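1. sharing a model that was predicted from the sequence below.
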Amino acid sequence: DSGVTQTPKHLITATGQRVTLRCSPRSGDLSVYWYQQSLDQGLQFLIQYYNGEERAKGNILERFSAQQFPDLHSELNLSSLELGDSALYFCASSPSYGTTDPYEQYFGPGTRLTVT
Amino acid sequence: AQKVTQAQTEISVVEKEDVTLDCVYETRDTTYYLFWYKQPPSGELVFLIRRNSFDEQNEISGRYSWNFQKSTSSFNFTITASQVVDSAVYFCALTHMEYGNKLVFGAGTILRVKS
């Protein structure tokens, strides 16, 4: 158990819908990262938050957005869903950002999204 | 740009065989970090090791060992006396502080260990 929790574990929804994925980082970790794992794209970085602020962005679609709340949990919002958005979405956390030694990122169990 | 290549898509071995998973990376940075993660059939990503670019010492942890060679930009992972429980997808990843610590993953290598 990494200490990172993600809910829900599975999500099945229809095209055009909107869903919210939730992540709680390990106790004390300030950074939260979101990754998408799909068959055709592999594991790709989406976005990072540090202590409530966006710090880095990857190839995240405009239909996707995220935020980190004061209690440090994070939510990833996916809207106007398409079949190609079906993937495993991981959240990871780490305690530091931009310091001399980036800590390893601990991953949550993932949310498997199926768009039908 | 950073890139990680895991040329071995799938490897099958028989239990107790040794197996090496290859990882080749590209980066223009002098300070970077390399990682290995394991993804068992249950789907979670399990951290195995982190290595910074200034530490080329090889590391051994039980049946696992890692060989980091800057001269060839490689960070290979060897499992000695493989077991069925080692069956998983293994990912090599690269990061640098400038990129906000985001991980750039290789495509992964599927390891199948048969009894």
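-> Happy to help now that I have it.
2. tell me what the strand or helix carrying residue B:90 is packed against?
-> Assigned by DSSP states H and E, residue B:90 belongs to strand B:88-95. Other helices and strands packing on strand B:88-95, by 3 or more C-beta pairs under 8 Å, 6 or more residues apart in numbering or on different chains; DSSP states H and E, are strand B:3-5, strand B:33-39, strand B:74-79, strand B:104-105, strand B:109-114. In this view, the C-beta of every residue, glycine as well, is placed from N, C-alpha and C.
3. partner strands of whichever helix or strand comes after the first one, with direction?
-> Taking DSSP H and E as the definition, the helix or strand that follows strand B:3-5 towards the C-terminus is strand B:10-14. Sheet pairing for strand B:10-14, assigned by DSSP bridges, gives strand B:109-114 (parallel).
4. list the buried residues in the strand it pairs with.
-> Judged by neighbour count using 16 or more other C-beta atoms under 10 Å in any protein chain shown, the buried positions of strand B:109-114 are B:109, B:111, B:113.
5. angle of that strand against strand B:74-79?
-> If you take axes from the mean of the first three to the mean of the last three C-alpha atoms, to 10 degrees, strand B:109-114 sits at 20 degrees to strand B:74-79.
6. residue 76: what's it in contact with?
-> Went with chain A since none was named. Contact partners of residue A:76, counting by C-beta atoms under 8 Å, 6 or more residues apart in numbering or on different chains, are A:20-21, A:23, A:34, A:46-47, A:64-66, A:89, A:91.
7. to clarify, I was referring to chain B.
-> B:20-23, B:66-67 are the contacts of residue B:76 under C-beta under 8 Å, 6+ apart.
8. give me the buried subset of these.
-> So, by 16+ other C-beta under 10 Å, the buried ones in the contacts of residue B:76 are B:21-23, B:66-67.
9. helices - which of the residues you listed land there?
-> Among these, none falls in helices (DSSP state H).
10. run a quick neighbour tally on residue B:9.
-> When neighbours are counted by other C-beta atoms under 10 Å in any protein chain shown, residue B:9 registers 9.
11. let me fix that: residue B:79
-> 20.
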